[in-house]
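Asker: Build me a model from this:
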Amino acid sequence: MKSIWVRLRDVRRTSPGLLRPLLGSVLLLAAACGDGGLGGAGNDASAAASPPRSTRQLPDGSGLPEARPSPFQVELRRREGSGSTLLRVTDQGVRYTSGTDPHQVTVSVAVEDATLDALYAALREHQLDAIDTVPDAEADADGTSIRMLAGQLRTSASRMGHFVPEPAQAEHYDACIEALKGFAPPLVDGGAQGATLAIEFDPSMAQRSASVELSVGTALQGVTPGAITTIAVGGPQTVTVQLRYGPPARQIELAVDLAVHDRVVVMVDPQSNEPQLVAKSG
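Answerer: This next block holds a predicted model:
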């Protein structure tokens, strides 16, 4: 049986009145093309192969407005093995989240409007709103994905989980990734100047879901994710570390003077059996 592919974006854009006849035509065509039908085993090896590569080009011009609309939010998710990072760029700033379930660490930084305008212009130039994602059985399960909210428009594109950008549009997807990479913090250099703060989840937290959040204004110099997340800032300052855990949802805070402490450990208090934040040195 020959493979029959219907582009999901085209189906979403089809009015309800036309959708039922369209699907009916597809089913009739499938029955006419093969000996197994939709439920038959069939003997054609091509039925399990990846869909044919398309050469569909992007339309002329973006459907996005020239000026950056509000609200504006772009998410770049990167997945590798059991770990992942999430970069979220919004009107209010940038949030960078890393970790593996059940623990995440999020660092928030401020961003200027001109920087957001430049990012939006790059995404509009490369028509993120028009990039199609298609299935590819040979693609890696790991990879990247982008989601954007621009005013009332929501759009997404992906190279993750056996999906890839339309081949003829792949270079535009890569250009969007490059534009977003500039917002991700670099890894912390061993010789980094200023102050560093390590966030560590104690083994007592192994069976508990929890997330740590802190804001460093514009002072962020780098983040190294891992079993211990290291955050570098421009100089000693006092930061507020928030711990969220549950269920039920709860939150606690701890003010940490980076001139005194360089490590925060998330651990279970043996007396209360509740998670706590403990600031340490060395």
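Asker: is it true that residue 162 touches residue 143?
Answerer: No: judged on Cβ atoms under 8 Å, residue 162 makes no contact with residue 143 at a distance of 9.4 Å. For every residue, glycine as well, the C-beta is placed using N, CA and C.
Asker: Quick one: end-to-end distance for stretch 133-141.
Answerer: Distance between the two ends of stretch 133-141: 14 Å, counting by Cα to Cα, to the nearest Å.
Asker: Now do the same contact list for the residue most central in space within the chain.
Answerer: The centre of the chain sits closest to residue 77, judged by Cα atoms, centre = their mean, with a distance of 2.0 Å. If you count contacts by Cβ atoms under 8 Å, 6 or more residues apart in numbering, residue 77 has them with 84, 85, 86, 87, 144, 145, 146, 147, 160.
Asker: hmm, 6 Å instead?
Answerer: 86, 145 (Cβ atoms under 6 Å, 6 or more residues apart in numbering).
Asker: That one sits in which helix or strand?
Answerer: Residue 77 is part of strand 72-80 when elements are defined by DSSP states H and E.
Asker: Residue 76: neighbouring residues, count only.
Answerer: Neighbours of residue 76 under the rule other Cβ atoms under 10 Å: 22.
Asker: That one pairs with what?
Answerer: residue 87, residue 146 (DSSP bridges).
Asker: Mind checking what secondary structure residue 120 has?
Answerer: Using DSSP: H, G, I helix; E, B strand; the rest coil, the structure places residue 120 in helix.
Asker: Report pLDDT for it.
Answerer: In this model, residue 120 is scored at 97, pLDDT.
Asker: Over to the one 5 residues further on?
Answerer: Model confidence at residue 125, expressed as pLDDT, equals 94.
Asker: how about low-confidence regions in the stretch 151-282 of the chain?
Answerer: 190-192 (pLDDT under 70).
Asker: Give the closest residue to residue 75 in space, chain neighbours not counted.
Answerer: Once flanking residues are discounted, residue 75 sits nearest to residue 147: 4.6 Å by Cβ to Cβ, 6 or more residues apart in numbering.
Asker: And the strand holding residue 77, what's buried?
Answerer: 72, 74, 75, 76, 77, 78, 79 (16 or more other Cβ atoms under 10 Å).
Asker: For the helix or strand where residue 214 lies, list every residue counted as buried.
Answerer: Following DSSP H and E, one finds residue 214 within strand 210-215. Neighbour counts over strand 210-215 (16+ other Cβ under 10 Å) mark 210, 211, 212, 213, 214, 215 as buried.
Asker: Pick the one among these closest to residue 274.
Answerer: residue 210 (11.0 Å; Cβ to Cβ).
Asker: Apart from its neighbours in sequence, what residue is nearest that closest one?
Answerer: Once flanking residues are discounted, residue 210 sits nearest to residue 245: 4.1 Å by Cβ to Cβ, 6+ apart.
Asker: what about that neighbour, how many residues close to it?
Answerer: Around residue 245 there are 22 residues (other Cβ under 10 Å).
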